[in-house]
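Peer 1: Sequence plus predicted model, see below.
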Amino acid sequence: MEYKRASEVLYKGQMKEGMIGTPETLPCFLTTAFVMKDLDELGDVTQKKGYTYIRKSNPNRTALAEKISYLEGSEDSLIFSSGMGAITTSLLTVLKPGDHVVCNSNIYGETYEVLTEILPKMNVSVSFVDLRDLAKAAAALTPRTKLLYTEVLSNPTLTLADIEELSRMAHDAGALCMVDNTFTSPVSIRPLEWGVDLVVNSLTKFLNGHSDVMAGSVSARSDLVAQIQHMSMLCGTAGDPFSSWLVCRSLETASLRIRQQMNSAARLAGALALAPQVKDVNHPSLPDYPQKELAGHLFRGGPGCAMLSFTLPEDRERINAFMDALHFARYAPTLGGVRTTLSHPVTSSHPHVPDAVRRSMGITPGMIRVSVGLEDPDDLIGDFLQALHVFN
């Protein structure tokens, strides 16, 4: 019998070697090392790739990696200290001096900084291209291109990447395709099923969902994961046991939480789109979403994500008044929690991106990004609409 992923994930990563008995919940292994009685036992543990030192491996990281692999449909996964740790460590692994990267021009601000500040020091060049234009994407690929990088939905403009076609193009050029699935999560889409090679998630966000953990993951073929694991050990970017334990706990409710958040986001986006004070609303569920056909294909008719963004007049005083007038949503430079939060991309996620580049991405000082939580959607809609009255 075939069971749903929301049921099966509850039983993944529950038993680990070395446990005594069968606890109902996996314990947290807060130890930096595991002891061996002699060199023979050390040899056996090393041969089996068992647990020795925390930077190499830990049962809670193993358990979480098993759950993430199941959700993403990957051969293997690695757990990191943050989403940026997962991204940077993976880039350092798969790229070498002289390589070239094609990256979506609509990208998270700190990913942009890694690509423009760290990779050039390795003599790796990067071309930023609007990947909505597949002809431009194809033209940017060269014999030196070893990686095509994008988010499923861009942060914060929610433009969609055709990851199926982009993966095919990358492979035809002899390159890998790497995708950030943080905004969408494997509850909405599994990029590996569309041909992607590496999928990263900031587990800090929706998959943990309680605003109390920082962690990240990468999911890929076993051979790629093994290479990235060695780099992670050398760079010290592995996740800690307690954070891994907390994310394992949170994943047991992720399907329930994220589905409700996505549905609420679709309803809030629809209400904001009708508000006269709002210029533009970005969400793949909207009937006038520019990439509606692609969204229906990739998300199989689902709402896509629990994030949305909208644009207000570029009036700082009134934007402050709007934020003050909200009862539920509060400013927070993060996303994916159980409570609805706002951010202002110009001053939070993209402050170091030049203004001209930001505007070319569609990010203006009037843009507000919303991470929709678990409040009743009618309450959220009413709250946002009453706060918009400050623009009347």
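Peer 2: Good, I have the coordinates.
Peer 1: what comes up buried for the helix or strand where residue 250 lies?
Peer 2: Using DSSP states H and E, residue 250 falls within helix 241-251. Of the residues in helix 241-251, 241, 243-251 count as buried by neighbour count, 16 or more other Cβ atoms under 10 Å. In this view, the C-beta of every residue, glycine as well, is placed from N, C-alpha and C.
Peer 1: Next secondary structure after the helix or strand in which residue 86 is found?
Peer 2: Here residue 86, judged by DSSP H and E, is contained in helix 83-94. Sequence-wise, the next helix or strand downstream of helix 83-94 (DSSP H and E) is strand 100-104.
Peer 1: partners of that next one in the sheet?
Peer 2: Here strand 100-104 has these sheet partners by DSSP bridges: strand 125-129 (parallel), strand 145-151 (parallel).
Peer 1: Of the ones you listed, which stretch is the most buried?
Peer 2: strand 145-151 (a mean of 25; mean count of other Cβ atoms under 10 Å).
Peer 1: which residues are in contact with that strand?
Peer 2: 91, 94-96, 99-104, 106-108, 111, 115, 131, 137, 141, 161, 163, 166-167, 169-170, 173-183 (Cβ atoms under 8 Å, 6 or more residues apart in numbering).
Peer 1: And residue 257, how far from residue 266?
Peer 2: 15 Å (Cβ to Cβ, to the nearest Å).
Peer 1: Residue 131 reaches residue 138, doesn't it?
Peer 2: No: judged on Cβ atoms under 8 Å, residue 131 makes no contact with residue 138 at a distance of 10.3 Å.
Peer 1: Neighbour count: these two, which is higher?
Peer 2: Higher neighbour count among residue 131 and residue 138: residue 131, with 28 against 15, using other Cβ atoms under 10 Å.
Peer 1: so what's that one closest to, chain neighbours aside?
Peer 2: Spatially, and ignoring its direct neighbours in sequence, residue 131 is nearest to residue 104 (4.5 Å; Cβ to Cβ, 6 or more residues apart in numbering).
Peer 1: For that neighbour, list each beta-bridge partner.
Peer 2: residue 129.
Peer 1: going forward can the numbers begin at 481, since that is how I track them
Peer 2: With the count now opening at 481, the last piece we talked about shows up as residue 584.
Peer 1: list the contacts for it?
Peer 2: Residue 584 neighbours (Cβ under 8 Å, 6+ apart): 608-611, 629-631, 634, 641.
Peer 1: make it 10 Å
Peer 2: 591, 608-612, 617, 628-631, 634, 639, 641, 646, 659-660, 841 (Cβ atoms under 10 Å, 6 or more residues apart in numbering).
Peer 1: how near is residue 795 to residue 516?
Peer 2: Plainly put, residue 795 is 66 Å away from residue 516 if you go by Cβ to Cβ.
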